[in-house]
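**Q** what shape does this take:
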Amino acid sequence: MDGLPQTPALQIGPERQRTLRTGITCMGTGLHSGRRVQLGLRPAATGTGIVFRRTDLGVDIPARFDHVVDSRLCTVIGLEGQPEARAATIEHVMAALAGAGVHNAIVELDCAEVPILDGSAAEFLFLIDCAGVVEQSEFTSGIEVLRPVRVEQGEAFAELRPFAFGFDMAMSIAFDAAAIGRQALTLRLTPETFRAELARARTFTMVSEIEALRSAGLALGGSLDNAVVVDGAAILNPAGLRMRDEFVRHKLLDAVGDLALAGAPLRARFIGHRNGHALNNRLLRALFADAANWRPLPAAMQTAGSRWLEHAAA
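**A** Next up is the predicted model:
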């Protein structure tokens, strides 16, 4: 996993920011809370970025790595000093927005958790397609990784390396369950590859973990309709898997959503092994902890929504 297959490189030019053409709403169930949730996706002005709006509390939570307050079983963002102001399980909708090239949007929630829908990003992508995506007047900014940054925990690691063209990703996983075993995937992330290769991959769990999760008040909304459940060599879902290597594809989908919390598109090569939400967030914190690790790109086209990057570098 030290290298990725090389593909013909094309120079990446500046692109316009994008938002949704119109708003759209759906209902669903929170994976961990089991609560019924109303989610809305709304257009936003240039430079807004992705913002989670708790309509029940009247507060906005920016979707940024430095707002992550929990990353044990999902990615949770919140506001300092306001423990009730949280948005949980945001990784799949973040992946769908990033995969569709949406830079500015308001994600409305009437409780503390994003609905799980079918356990993948496909239904969020469907909502985005229904709402439509439009270009805006200002250009996007980007984040160029200048030197390798790596975080580790036991055998697991996550790493960002310099890469001149776009965002390349590689993921490998290893599970004791025979139905999963060892899997690996590499791809160049584009709207086309996200839609074709990652969007439909569902979250998964081991049947042996479910009782402990529910005893802890978690996974209360989980079912075979929104997760792949593994029991040794068996897949318990009646329809089986959507892809043979659905497990590693979902882990890469999660990484797309977690790394979108950088606040702007990354120009880098990402490599992960057995990593999850916690290491993904630690990787972004390590990246921005040292201004020598990165630079805004292109600097002349930064927007109000990316000015926090200048603060991080100061």
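**Q** tell me the buried residues in stretch 95-106?
**A** For stretch 95-106, the buried set under the neighbour-count rule, 16 or more other Cβ atoms under 10 Å, comprises 95-106. Every residue, glycine included, has its C-beta placed from N, CA and C.
**Q** the spatially most central residue of the chain and Leu236, how far apart?
**A** Nearest residue to the geometric centre of the chain (Cα atoms, centre = their mean): Gly257, 0.6 Å. Using Cβ to Cβ, to the nearest Å, one obtains 25 Å as the distance from Gly257 to Leu236.
**Q** worst-scoring helix or strand of this protein, pLDDT-wise?
**A** helix 307-313 (a mean of 44; mean pLDDT, DSSP states H and E).
**Q** so what touches stretch 69-87?
**A** 31-32, 52, 54, 57, 59, 61-64, 67-68, 88-91, 94, 107, 109, 112-114, 213, 218, 257-258, 261, 276-278, 280-281 (Cβ atoms under 8 Å, 6 or more residues apart in numbering).
**Q** same thing but at 7 Å, please
**A** With Cβ atoms under 7 Å, 6 or more residues apart in numbering as the test, stretch 69-87 has contacts from 32, 52, 54, 57, 59, 61, 63, 67-68, 88-91, 109, 112, 114, 218, 258, 277-278, 281.
**Q** and that stretch, which residues are buried?
**A** 69, 71, 73-79, 85-87.
**Q** what does stretch 223-230 give?
**A** Buried residues in stretch 223-230 (16+ other Cβ under 10 Å): 226-230.
**Q** neighbours of Thr22, how many?
**A** 11 (other Cβ atoms under 10 Å).
**Q** mind listing what the closest residue in space to it that isn't next to it in sequence touches?
**A** Spatial nearest neighbour of Thr22, chain neighbours left out: Ala131 (5.3 Å); criterion: Cβ to Cβ, 6 or more residues apart in numbering. For Ala131, the contacting residues are 20-24, 41, by Cβ under 7 Å, 6+ apart.
**Q** among those residues, the buried ones, what's the PyMOL command?
**A** In PyMOL, a selection of the buried entries from the contacts of Ala131 looks like this (16+ other Cβ under 10 Å):
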select buried, resi 20+24+41
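**Q** so Thr203 makes contact with His250?
**A** Yes - under the criterion of Cβ atoms under 7 Å, Thr203 makes contact with His250 at 5.9 Å.
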